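1. I would like the atomic coordinates for the input below:
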Amino acid sequence: MWEETKEITEIVLRAARKASQEPISQSEQALPGKAIHWPVECAIGPGLEGAIACESKVGYVNGLQGQLVYRGYDIFELCAYSCFEETCYLLLHGRLPTSSQFGSFRKQLAEYRHVPKTLRLLMSFPVEGMNAMGALRMGTNLMRQEFTFGDLEIAKPDIAQAHESDEDTISSEADPGDKAESFYSFDTTNTVVLTSMEETIAVSGSRKPAKGIRHQEVLQDTSSLDSCCHLIAGAPTLTAAIARIRNGQMPIEPDPELSHAANYLYMMTGRRPTEIEERIMDIALILHADHGMNASTFAAMVVASTLSDIYFSVGAGIAALAGPLHGGANEQVIHMLRQIGGPSNAKEWYAKARARKEKIMGFGHRVYKAYDPRASVLGPLARHLALENKEAQVLFRTAEALEKEVIADLGQSKSIYPNVDFYSGIVYSCLGIPTDMFTPTFAVSRVAGWCARVLEYLKKNRIFRPRAIYTGRLGEKYIPIDARHSAGKPSKR
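-> Below you'll find the model as predicted:
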C-alpha cells in the first residue's frame with residue numbers, strides 16, 4: 001500500500017524490533033480474553049481509578065509491557081502496513097475490510113468530508129477568537145443538524161418507549177449481575193425523509209406535518225454507523241477550517257483524490273503534502289485512534305449510555321479532551337523544549353526543574369510503566385522530519401538530550417519514560433500544524449475510537465451509575481433564618 005514510502009515503513013519496523021527487545025520487569029496481571037463473571041471485585045480509587053466499567057473488543061493497552069492493540073492487531077503492524085481509513089474500518093466493524101469493502105468505505109468518507117452547511121453555520125460564530133477545541137465541539141453539534149433528524153421535535157425519544165426504566169428505580173445496593181432488565185434502548189428509525197412536494201415528514205411509514213421545509217433530503221439516525229462515518233470524515237474538515245479561520249483565511253474544500261491524512265494537511269495548510277508527509281500524518285492518526293478507557297472515551301460512553309446520540313457523545317469526548325489534564329501536553333512539550341534552548345542546556349535545566357519539583361511534560365503515563373509504543377514510533381519519525389528543518393533539528397536534539405536525563409534518573413526506579421506527547425508535537429510542527437491545533441488534531445483521530453467504543457457498548461447498554469461515598473453530616477435540624485448565627489454571633493432581633 002505504501003510503495004513510495006518504504007523508508008517510513010522501515011522506520012516503524014525498526015521501532016517495533018527495538019520495542020520487542022526492551023526488558024520487561026513485570027507481566028500484565030489481568031490477561032485479556034478471559035471470560036468476565038460479573039460483578040467483578042476490584043480496588044477502586046478516586047477518579048474511578050482501577051474500576052472496571054465494561055468489556056471491550058475494540059482496543060487493549062498493556063501498560064506493563066508497553067503494548068497497544070486494536071482489535072487484536074499490534075499498533076506497530078498497523079502503522080507499518082495499514083492506513084488510517086482501514087484502521088477506522090477495523091475499529092468500527094471489528095475486522096479488516098476486503099478490497100471492495102475498503103473501496104466503498106473510502107468513497108463514503110470522501111463524500112462525507114464535504115460539510116458545507118456546517119461550515120457556513122460555524123463561520124457565523126466568532127471562531128477566530130474562540131478556543132479551538134470549543135469551536136470543534138460546536139462544529140460537531142452543527143454537523144448533527146446538517147446530517148441528522150436529531151434536533152427535530154419529532155425525533156425526541158419518548159421515555160415511555162424505552163424497553164426498561166432508568167436504573168435509579170433499582171436500589172443502588174442491588175447486585176447488577178447480568179440481568180436482562182438492566183439493559184434497555186429506545187426504538188429508533190434509520191432515516192427521516194424531508195420532502196418539498198407535500199411538506200411532510202415520513203417516519204416509519206407515518207406522515208406528520210412539518211412546516212417550513214422547502215427541499216428534499218434524507219437525514220440519518222443520530223446513532224447509526226453512517227453518523228459515525230460523518231463524524232470521522234467531517235472532523236478533519238472542521239478542524240482544518242477552524243485553523244484557517246483563526247488565521248484570517250478562508251476554509252479549503254477537501255480534494256476527493258486525496259487520502260484522509262493528505263486531505264487534512266491540504267485543507268489546513270493549502271499545500272498538497274509530499275508522500276512522506278502524508279504517510280507520517282497517516283501513522284500519527286493511527287497511533288491516536290484509540291487508547292483504552294481514558295477520560296474522553298469514558299465521557300463519550302457515559303453520554304451514549306443515557307441513549308443520547310453519537311454526536312453528543314463525541315462532543316462530550318471533545319469537551320473532556322479540552323481539559324489540560326487530558327489534552328494539550330504536546331503543546332506544552334514544544335514550549336518546554338524552546339525554553340530549554342538547546343541540547344547542551346538539557347542537563348542543567350532538568351536538574352533545576354527536578355530541584356523545584358516541576359512536572360516534566362511528555363513523560364510518564366497513568367497506564368504505561370514501560371516505554372509508550374506510540375512514542376517508540378513518533379520519536380524516529382520526528383528525527384526523520386527534522387533532517388530538513390533547522391528549528392525542528394534543535395527541538396529534536398533537545399528532546400533526545402532531555403529524554404536521556406529523565407530515563408537515567410527515573411526510568412528504572414520510577415518506570416517513567418516518554419509518552420505519546422513527547423515527540424508528537426515535533427512531528428505535527430514539521431507537518432505544518434500550528435501548535436494551538438495539536439489537541440484538535442488528536443481529536444480528529446480519536447473520533448474513530450470514540451465511535452467504535454460507543455457502538456460496541458450500545459449493543460448491550462447499561463446506563464453508567466457509579467456511587468459516591470457520603471462524608472457529610474447527618475441529623476441536622478432546620479433553623480429559621482432569623483434565628484441563625486452570622487459570623488459566629490447570634491442575630492439581633
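2. use CA for all of it now, contacts and neighbours both
-> Fine.
3. and the pLDDT for Val182?
-> That one is not Val; residue 182 is Ser. Model confidence at Ser182, given as pLDDT, is 42.
4. which parts of the chain are strands?
-> 59-62, 67-70, 73-74, 191-195, 200-203, 206-209, 217-220, 485-486, 489-490 (DSSP state E).
5. quick one: low-confidence parts of this structure?
-> Across the chain, the ranges flagged by pLDDT under 70 are 1-2, 23-35, 153-223, 486-493.
6. list the contacts for the nearest residue to Ala401 once chain neighbours are set aside?
-> Of all residues not flanking Ala401 in the chain, Pro343 sits nearest, at 5.5 Å (CA to CA, 6 or more residues apart in numbering). Pro343 makes contact with Val394, Arg397, Thr398, Ala399, Glu400, Ala401, Leu402 under the criterion CA atoms under 8 Å, 6 or more residues apart in numbering.
7. distance check, the first one against Glu331.
-> Pointing back at Val394 there. 16 Å (CA to CA, to the nearest Å).
8. out of the two, which sits in the busier spot?
-> For Val394 versus Glu331, the count of surrounding residues by other CA atoms under 10 Å is larger for Glu331: 23 against 17.
9. report the contact partners of the more buried one.
-> Residues counted as contacts of Glu331 (CA under 8 Å, 6+ apart) are Gly425, Thr435, Asp436, Phe438, Thr439.
10. now the second one. Nearest residue, chain neighbours left out?
-> Of all residues beyond its chain neighbours, the one nearest Thr435 is Glu331 (5.9 Å), with distances taken as CA to CA, 6+ apart.
11. could you check how far that neighbour is from Thr98?
-> For Glu331 relative to Thr98 (CA to CA), the value is 38 Å.
12. same deal with Leu387?
-> For Leu387, the distance to Thr98 - CA to CA - is 37 Å.
13. how about Arg338?
-> According to CA to CA, Arg338 and Thr98 sit 46 Å apart.
14. higher neighbour count, these two?
-> It is Arg338, of Arg338 and Thr98, that has more neighbours when counted by other CA under 10 Å, with 15 against 10.
15. surely that one touches Leu395?
-> Yes. Using CA atoms under 8 Å, Arg338 is in contact with Leu395, at 6.9 Å.
16. overlap of the contact sets of the two?
-> By CA under 8 Å, 6+ apart, no residue touches both Arg338 and Leu395.
17. find the nearest non-adjacent residue to Met361, please.
-> Spatial nearest neighbour of Met361, chain neighbours left out: Val333 (5.5 Å); criterion: CA to CA, 6+ apart.
18. what's in contact with stretch 244-259?
-> By CA under 8 Å, 6+ apart, stretch 244-259 touches 110-111, 113-114, 127-129, 237, 240-242, 263, 266-268, 270.
19. end-to-end on it?
-> Stretch 244-259 stretches 20 Å from its first residue to its last (CA to CA).
20. in that stretch, which residues are buried?
-> Going by neighbour count (16 or more other CA atoms under 10 Å), the buried part of stretch 244-259 is Arg244, Ile245, Arg246, Pro251, Ile252, Glu253, Pro254, Asp255, Ser259.
21. kindly report the same for stretch 284-300.
-> 284-293, 295-300.
22. follow-up on the earlier one: top of the contacts of Glu331 by neighbour count?
-> Busiest of the contacts of Glu331 [other CA under 10 Å] is Gly425, holding 28 neighbours.
23. so what's it closest to, chain neighbours aside?
-> Asn330 (5.0 Å).
24. for the one you found, give its distance to Leu337.
-> 11 Å.
25. what does Leu395 give?
-> From Leu395 to Leu337 the distance is 6 Å (CA to CA).
26. which one's more surrounded, those two?
-> Counted by other CA under 10 Å, Leu395 and Leu337 do not tie: Leu395 has more neighbours, with 28 against 22.
27. so Gly292 touches Gly63, yeah?
-> No. Contact criterion CA under 8 Å: Gly292 and Gly63 do not qualify, at 10.5 Å.
28. contacting residues around Met143?
-> Counting by CA under 8 Å, 6+ apart, Met143 touches Val115, Thr118, Leu231, Gly234, Tyr311.
29. in helices only, show me the residues you listed.
-> In this view, the contacts of Met143 that belong to helices under DSSP state H are Thr118, Leu231, Gly234, Tyr311.
30. can you select the buried ones from those in PyMOL?
-> Those of the ones in helices among the contacts of Met143 that count as buried under 16+ other CA under 10 Å are selected in PyMOL with:
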select buried, resi 118+231+234+311
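31. redo the ones in helices among the contacts of Met143 as JSON lines? Include distance to Arg467.
-> Below are the ones in helices among the contacts of Met143 laid out as JSON lines (distance: CA to CA, whole Å):
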{"residue": "Thr118", "distance to Arg467": "39"}
{"residue": "Leu231", "distance to Arg467": "32"}
{"residue": "Gly234", "distance to Arg467": "37"}
{"residue": "Tyr311", "distance to Arg467": "27"}
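32. which one of the ones in helices among the contacts of Met143 is nearest to Ile276?
-> The closest of the ones in helices among the contacts of Met143 to Ile276 turns out to be Gly234 (CA to CA; 23.7 Å).
33. quick check: Ala110 touching Ala233?
-> Yes. Using CA under 8 Å, Ala110 is in contact with Ala233, at 7.2 Å.
34. could you pull out the helices in the stretch 51-200 of the chain for me?
-> 75-81, 84-93, 99-112, 116-122, 132-147 (DSSP state H, counting those that start in this stretch).
35. what do you get for the stretch 201-350 of the chain?
-> Counting by DSSP H, counting those that start in this stretch, the helices of the stretch 201-350 of the chain are 225-246, 260-269, 275-288, 295-305, 310-321, 329-340, 346-355.
36. to Arg366, which of those lies closest?
-> Proximity to Arg366 (CA to CA) singles out helix 295-305 among the helices of the stretch 201-350 of the chain, at 11.2 Å.
37. and the angle for the closest one with helix 310-321?
-> Here helix 295-305 runs at an angle of 150 degrees relative to helix 310-321 (axes from the mean of the first three to the mean of the last three CA atoms, to 10 degrees).
38. CA-only coordinates of helix 295-305 in CSV, if you can.
-> Coordinates of each C-alpha in helix 295-305 appear next as CSV, following Å, rounded to 0.1, in the frame of the first residue of the first chain:
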residue,chain,number,x,y,z
ALA,A,295,-11.3,10.2,30.3
SER,A,296,-12.6,11.4,26.9
THR,A,297,-13.6,7.9,25.8
PHE,A,298,-15.4,7.3,29.2
ALA,A,299,-17.1,10.7,28.8
ALA,A,300,-18.4,9.8,25.4
MET,A,301,-19.6,6.4,26.6
VAL,A,302,-21.4,7.9,29.7
VAL,A,303,-23.4,10.2,27.4
ALA,A,304,-24.2,7.4,25.0
SER,A,305,-25.3,5.1,27.8
